[in-house]
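Participant: generate coordinates for the sequence data below:
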Amino acid sequence: MLYEQLTNDMKEAMKNKDKETLSTIRLLKSAIDLYKINNKMDRDTVSDDVVVDVASKQVKTHRESIVEFRNAGREDLASKLETEIKIIEKYLPAQLSRQEIEHVINDIFDKLNPNGRNDLGKVMKEANVLLKGKADMKLVSDIVMSKLN
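Facilitator: The predicted model follows:
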């Protein structure tokens, strides 16, 4: 399980005195614990889906912050967040390439036969099921929008 791997990696980071990895893993574990509390989940069980979901949200938030930090001229903070993203991505499934994403979206279009922007919700719902955690959903949305236009 990913949560156990997270705990083991945290112990390893403590032993190796790797402060950067340790703080990032603690951040991720705290976000997972908050998710469990907010969703009234059992404290002892954390599925891989929960870890992937929370880690994906953390990466998304970090990427948004990087843009803001770069716009403000804070390259030091942006590079720190990029390092954290690399650590968090270890707990995510391999990300699909743009071509692979387009292939999945083409399959969705073949299945649903959308008639324009009105069907955006149906397409994105299906894409979310198939691509969640495996692709940047902003990129997925952009590809779907371009195909619908």
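Participant: which positions in the helix or strand that contains residue 23 come out as buried?
Facilitator: According to DSSP states H and E, residue 23 maps onto helix 19-38. Buried residues in helix 19-38, counted by 16 or more other Cβ atoms under 10 Å: 21-22, 24-25, 28-29, 31-32, 35-36. Bear in mind the C-beta positions are built from the backbone N, C-alpha and C, glycine included.
Participant: domain assignment for the chain?
Facilitator: Per automatic domain parsing, the domain ranges recorded for the chain read 2-91, 98-148.
Participant: ok, of the ones you listed, where does mean pLDDT dip lowest?
Facilitator: Mean pLDDT is lowest for domain 98-148 out of the domains of the chain, coming in at a mean of 89.
Participant: need the distance between the two termini of that one.
Facilitator: This stretch, domain 98-148, spans 17 Å end to end (Cα to Cα, to the nearest Å).
Participant: start the count at 539 instead of 1 going forward.
Facilitator: From this message on, residue numbering opens at 539, which makes the last subject domain 636-686.
Participant: what is the burial count for residue 545?
Facilitator: Neighbours of residue 545 under the rule other Cβ atoms under 10 Å: 14.
Participant: give the contact list for it.
Facilitator: residue 567 (Cβ atoms under 8 Å, 6 or more residues apart in numbering).
Participant: pull out the buried positions in stretch 619-629.
Facilitator: 619, 622-623, 625-626, 629.
Participant: go on, stretch 585-597?
Facilitator: Judged by neighbour count using 16+ other Cβ under 10 Å, the buried positions of stretch 585-597 are 588-594, 596-597.
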